[in-house]
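# Got a predicted model here, sequence first, then my questions.
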Amino acid sequence: MLHDLRLPKINPNMTSAVVECTYGSPGTLLRLGDKLFDLSVDLSSGFSQYCPPISYFRVVAREKLWLRKILVSPGDSCEVGDLLALLSTEQDEPIEMAPARALRITTAGIAHHQGLWSASNAG
Amino acid sequence: MTLPLSLGPLAAEGFVIRRSGIHWLCEDGHLCRPNEVIGYCNISLERTSGQRAGQFPMADELELQVAFAPAIAGRLQIGSGHSPGGYLSVFGLQDWNSDDVVARLDPSPDPLTDSLADAGAAQTGCGRLRLLLLAGRRMSGLADVDYGLLPGWHSRSRAWWGDQAGPLSTLLCIGICDAAGIVRGNEIPFVEAFEASAAPVQLVYVPDHPVVPCAPILLEQLERTQAERQAIAADLAAGLGSGRTPASADDWLFAGALLSSLERSPMLEGYDVLTPTGLRRMGPPDAVLLSLSAEVQSVLRHKKLGYSLQMLRHRQASAGPAVKAWLNSAFEPVKRNVDDIRRDYRRLIEALAAKTGARVLILNRMSTSGYEDILSYAPFDAPMRETLEHVAAKEMNLMLHDLACDCDFSIVDVDAIAAELGGTDHLPDGIHHSGEMQSVLRSEIIRVLNHERSGREIPIS
């Protein structure tokens, strides 16, 4: 069975997010609690004349699945609903079919850290 | 009944007060609220003949303005002839005359407002305008903008009602965005706070650029000697002038603002205030408002001179390549844990109490988020406070609470108020408040100040 991970609407005011970190490699088995992405959400849509209301979030898997494909890279800006990754219950099942449902995830606000894409590439 | 709105008295002994034309912030026919700022003019002081030349009061505050507000609600009638237009409306070409009638007001017709109107007319002398004085010290004399209320780039701005008869106390805001919005507001500077409160207080705002106002930096500002200031300036000049990374215009502008922040402590500065009866000299602030959110987990320490420095990331982005290179080579990062921050706060609060007696109020942090659904902490690296924002906020709030048990300061409980109002609508990113939340926090700060002043609980006004 195929599952997808799309950019969730973590904050009701957000329209997009920037991928700050990707964790895991395609072909690996995700365990419950494995990190998938760190994201930054800028409620000012990147207009940085004033103090930008930027929050950082971590997306974590809540179920055991094979990570099959990551469709984004650090620095990519994504809109809510954009496809971030594909996962499957079996290691080698085809991924061209329509996903059965979304991956179950946990999201949590995180502190800025030096591993984020923006820590070394912004400003 | 139509009330003529006159300017009312304003005096500075030894000086003539000159004013510009009137700039209206609303249209003729506007229905005004009590204390709503409806217009303003620029003012300047001119020495009266026979006075010896010397230091001008407020000489470093090139923005000096008076905003007007009716004491009661009503419909505004703006007559013509109060402004010649163009530059002639900017310069102080007219003498301040307390009897000048600049507009009229038809008090609102409802019975409640009628009674207020009568009371207001009696108290203020036939609808005399309330005067909100505003003063801004430019970051550079070059940062002049000649239209609007407190326009331009200021290293310090302040405001006070000019018709307060009794003593005036001063609240200095040196927090980051969470504090700035409460005190300076996000519309016309200061007017939201002063429209909402009749408290006899001067509000002073010092921005968080380029230096983050965290406790070790504020403490060092408080204790820095002239020799140390000179050493910092010389080191910065040498760093930018070394030629290793050519300095750009952005570098010099940033360096100037940086030195401006490091060379003075706003907590030690006094103030001249204009009042209806004359100039008054006030001492350092009675109370200082800080942000717990400004207490970053790492500061930069100068390798040779030993002073602390930190800037918010979006401020650092404004620096040019030479300043960035200097920051990288001349400083080393020093991590701060909760105990370090507790120690820094204690030192700052005690030093401030010893030097000026000022009270400290600290805005705590929102520590919960509706955007999380954590079932297990296993995916998050220990120590949790360095990974999860809400854990860090809870630990910091707890530290502040513990410190308050044996250190004399007040906590403004942003965490509780945000939870009551709803964080999603009123604090969506944990730092920037809605207007409603700012309003509640302003009331809370006034309540805390009143409580401390009188030693007893006073209802929120």
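Nice, thanks for sending it over.
# Could you report the pLDDT at the residue in the stretch 151-300 of chain B that chain A sits nearest to?
Residue nearest to chain A within the stretch 151-300 of chain B (CB to the nearest CB): residue B:177, separated by 4.7 Å. To be clear about C-beta, it is placed using only N, CA and C from the backbone, and glycine gets the same treatment. You'll see residue B:177 listed with a pLDDT of 88.
# And for it, the neighbour number?
Using other CB atoms under 10 Å in any protein chain shown, residue B:177 is surrounded by 21 other residues.
# what residues does the host helix or strand of residue B:361 touch?
Per DSSP states H and E: residue B:361 is located in strand B:359-363. Under the criterion CB atoms under 8 Å, 6 or more residues apart in numbering or on different chains, residues B:175, B:178-179, B:182, B:286-293, B:345, B:348-349, B:352, B:400, B:408-412, B:414, B:441, B:445, B:448-449, B:452 lie in contact with strand B:359-363.
# before we move on, what about stretch B:342-350?
With CB under 8 Å, 6+ apart as the test, stretch B:342-350 has contacts from B:214-216, B:218-219, B:222, B:295, B:336, B:360, B:362, B:399-400, B:402-403, B:407-409.
# If any of those residues are buried, put those into a PyMOL selection.
Only the buried entries of these go into this PyMOL selection, using 16 or more other CB atoms under 10 Å in any protein chain shown:
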select buried, chain B and resi 214+215+216+218+219+222+295+336+360+362+399+400+403+407+409
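# Show me what residue of chain B gets nearest to chain A.
Nearest residue of chain B to chain A: residue B:317, at 3.1 Å (CB to the nearest CB).
# Could you list the paired strands of the strand holding residue B:361 along with their orientation?
Paired with strand B:359-363 in the same sheet, following DSSP bridges, are strand B:287-291 (parallel), strand B:410-412 (parallel).
# quick one: buried residues of the helix or strand following the shortest one?
Meaning strand B:410-412. Next along the chain after strand B:410-412, taking DSSP H and E as the criterion, comes helix B:414-421. Using 16+ other CB under 10 Å as the test for burial, helix B:414-421 gives B:414-415, B:417-418, B:421.
# hmm, helix B:414-421 in reach of chain A?
No. Contact of helix B:414-421 with chain A (CB under 8 Å from any CB of the partner chain) is absent, the minimum separation being 14.0 Å.
# quick one: that helix to strand B:359-363, angle?
Taking axes from the mean of the first three to the mean of the last three CA atoms, to 10 degrees, one finds helix B:414-421 and strand B:359-363 inclined to each other by 50 degrees.
# which residues sit against helix B:414-421?
Residues from elsewhere that reach helix B:414-421 (CB under 8 Å, 6+ apart): B:178, B:363-368, B:393, B:397, B:426-427, B:434, B:436-437, B:440-441, B:444.
# out of those residues, which are inside strands?
Counting by DSSP state E, the part of the contacts of helix B:414-421 found in strands is residue B:363.
# Which ones among the contacts of helix B:414-421 map onto helices?
Among the contacts of helix B:414-421, DSSP state H puts B:178, B:393, B:397, B:426, B:436-437, B:440-441, B:444 in helices.
# Of these, just say which sits nearest to residue B:25.
Proximity of these to residue B:25 (CB to CB) peaks at residue B:436, which lies at 22.4 Å.
# Now do the helices in chain A.
Taking DSSP H as the test, the helices found in chain A are A:117-121.
# Close to chain B: what parts of it are there?
A:10-13, A:32-35, A:43, A:48, A:51-58, A:60, A:62, A:106-113, A:122-123.
# pLDDT score assigned to residue B:144?
84.
# show me where pLDDT drops low in chain B?
The model of chain B has pLDDT under 70 over residues B:51-53, B:109-126, B:452-461.
# Get me the contact residues on it for chain A.
For chain B, the residues in contact with chain A (CB under 8 Å from any CB) are B:176-177, B:297, B:312-314, B:316-317, B:369, B:371-376, B:378-380, B:385-390, B:392, B:424, B:428-432.
# From those residues, list just the buried residues.
B:176-177, B:297, B:312, B:314, B:316, B:369, B:371-372, B:374, B:379-380, B:385-390, B:392, B:428-432.
# what's the residue nearest to residue B:297 when sequence neighbours are not counted in contact with, if anything?
Once flanking residues are discounted, residue B:297 sits nearest to residue B:336: 5.7 Å by CB to CB, 6 or more residues apart in numbering or on different chains. For residue B:336, the contact set (CB under 8 Å, 6+ apart) comprises B:295-299, B:344.
# and those residues, which of them are in helices?
Among the contacts of residue B:336, the residues falling in helices (DSSP H) are residue B:344.
# For the contacts of residue B:336, give me JSON lines that also has distance to residue B:282.
Formatted as JSON lines, the contacts of residue B:336 follow (distance: CB to CB, whole Å):
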{"residue": "B:295", "distance to residue B:282": "29"}
{"residue": "B:296", "distance to residue B:282": "32"}
{"residue": "B:297", "distance to residue B:282": "36"}
{"residue": "B:298", "distance to residue B:282": "37"}
{"residue": "B:299", "distance to residue B:282": "32"}
{"residue": "B:344", "distance to residue B:282": "28"}
